[in-house]
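Colleague: following is a predicted model, sequence given first.
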Amino acid sequence: MSIDRRGFLGGTAAATLLGVTGTTGAPGSATPSLSRHRRVRLGLNYTPSRSWWYTWSDWNTASINADLADIRALGMDHIRIMGIWPELQPNQTFIRGEMLDRMRAMLDLAGRHGLDVEVTVLDGAISGFLFVPPWLLNNGNGAMTNFYTDPAALAAQRALFTALGKAIGHHPRFLGFDLSNEIYWFTLPFGIDLAPAVGDVWLREASAMAEAAAPGKLNVAGIDHLPWLNDDYFSRDAVATTGAVTANHTWAGWADVFNTYGPMSTPSLHYSEYFIELIKAFQTDVHRQVWIEETGVSKVWLDPALIPQWTEASIRNMASCEDLWGITWWCSHEVNPTFTGFNPLEYDLGVYTNDRRRKPIGDTIARLAREFDESPPEPLHRSTALVLPDGLVPWTPFFEPYMRLIDRGVRPAVVKASRSTDTAYLESRGIDKLVTLDKA
């Protein structure tokens, strides 16, 4: 089954804030840091209101500072930001010092507002636009170098991570590196086919680059559903075991869940929860954490009146999962309407309008942040697991039975069939009942 984020091509459809400290440790910091010990970290993907990620070449400190104040006002504790690969590395052997300085400045500004920062590097593809380092393109025939396998391109990637590590790796607000933003969406238009066996080699090699540049940080590989629901690019086993935690982008709208099942249906409200539990079935460390690094909703997909209710239910259902590192909503601010060419929903995904007015979804997220700090959500222990047959793509033939169990009052885990007879493994996960698809 070929499943595409852009349309599933060929598919279906304590009474005070806990842990507030006195300083952020960042240069010029003024705002206390929210707890880094929340059971579930809460943050936003930052989209600069003035110049989107053209911000790197149209720098405006005052506007960025105001945006970050908006994010802090919601009670968020971190942001995820987007590097632009050709801005950072316009030549294979040249990394722009100005961009490294601005990256440090971004972290300094985040520190003023007590926000930690995950830095996404090899972008690549963002919000439907491609940002191609010119040195990857053959100036004779326009062919793109396969940077997954080309030794010189790999050396350039290593140099970029190394330079960034030297520039920001010890910054007190630096969380870690995200290798890229769903890097396959960058290479698909150029016809770069990648067998999972080859993709897994790159994934591990790039993760090693990030770890060497920033040891012990939250270095992850940011992906969406494509590798999970297809046999393309990376294997599910590699994605689930590479990096510090497993980062996933769970978009019910891109999966056509709202149209197929209804906006307030069980599959819609529990979509991200499903992915968290599915991912755990492929992890070898039973206590490895999962990070929902992107999720969001637009009025293009959902009646605006339903968005706050959907958002609250989705967040609560994610927070019901054990070993959840955090939830990072997409996104902070709407895209500036003066910029053309974005998918219409990109102008609506912010929790703030482009002129920084908080939307009802922002009120909902802020209320949940306060509640979660005052009374951290207790995870559900999932002693029942639905068995995923080996080799089955975990979409509708598995997704729908999973949701039927929820409708029957069972909040299941997921176990691969190949591990369903491993008593020690099941005991380590606290699973004492298995349900097969014919019984779900």
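Modeller: That came in fine, so what should we check first?
Colleague: mind listing the strands for the chain?
Modeller: Using DSSP state E, the strands of the chain run over 41-45, 78-82, 116-120, 125-126, 129-130, 174-181, 220-222, 246-249, 290-294, 324-330, 384-388, 413-416, 433-435.
Colleague: so for residue 146, which of the ones you listed sits nearest?
Modeller: strand 174-181 (14.9 Å; C-beta to C-beta). Quick note: C-beta positions are derived from backbone N, CA and C, even for glycine.
Colleague: residue 369 is nearest to which of the strands of the chain?
Modeller: strand 41-45 (5.3 Å).
Colleague: show me what counts as buried in the closest one.
Modeller: 41-45 (16 or more other C-beta atoms under 10 Å).
Colleague: adding pLDDT, write those out as JSON lines.
Modeller: Listed next are these as JSON lines, based on pLDDT from 0 to 100:
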{"residue": "41", "pLDDT": "98"}
{"residue": "42", "pLDDT": "98"}
{"residue": "43", "pLDDT": "98"}
{"residue": "44", "pLDDT": "98"}
{"residue": "45", "pLDDT": "98"}
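Colleague: taking the residues you listed, tell me the two that lie furthest apart.
Modeller: Of all pairs drawn from the buried residues of strand 41-45, the one with the longest distance (C-beta to C-beta) is 41 and 45, at 13.3 Å.
Colleague: let me have the strands of the chain in CSV, extended by distance to residue 303.
Modeller: Shown next, in CSV, are those (distance: least, C-beta to C-beta, whole Å):
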stretch, distance to residue 303
strand 41-45, 23
strand 78-82, 28
strand 116-120, 31
strand 125-126, 28
strand 129-130, 28
strand 174-181, 29
strand 220-222, 29
strand 246-249, 23
strand 290-294, 22
strand 324-330, 19
strand 384-388, 31
strand 413-416, 31
strand 433-435, 34
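Colleague: so which of the ones you listed is nearest residue 102?
Modeller: strand 78-82 (10.8 Å).
Colleague: pop the domain breakdown of this structure in here.
Modeller: Domains of the chain are assigned by automatic domain parsing as 41-379, 381-440.
Colleague: deepest-packed of the ones you listed, please.
Modeller: domain 41-379 (a mean of 19; mean count of other C-beta atoms under 10 Å).
Colleague: for that one, measure first residue to last.
Modeller: With C-alpha to C-alpha, to the nearest Å as the measure, domain 41-379 spans 14 Å from end to end.
Colleague: pretty sure residue 363 sits against residue 307.
Modeller: No - judged on C-beta atoms under 8 Å, residue 363 makes no contact with residue 307 at a distance of 11.0 Å.
Colleague: residue 88 reaches residue 96, doesn't it?
Modeller: Yes - applying C-beta under 8 Å as the test, residue 88 and residue 96 come out as touching, 6.3 Å apart.
Colleague: show me what contacts the residue nearest in space to the middle of the chain?
Modeller: Geometric centre of the chain, nearest residue: residue 293, 2.2 Å, by C-alpha atoms, centre = their mean. By C-beta atoms under 8 Å, 6 or more residues apart in numbering, residue 293 lies in contact with 45, 80, 118, 178, 220, 222, 247-249, 328.
Colleague: how about a cut-off of 7 Å?
Modeller: 80, 222, 247-249, 328 (C-beta atoms under 7 Å, 6 or more residues apart in numbering).
Colleague: which residue is the nearest non-sequential neighbour of it?
Modeller: Excluding the flanking residues, the one nearest residue 293 by C-beta to C-beta, 6 or more residues apart in numbering is residue 247, at 4.2 Å.
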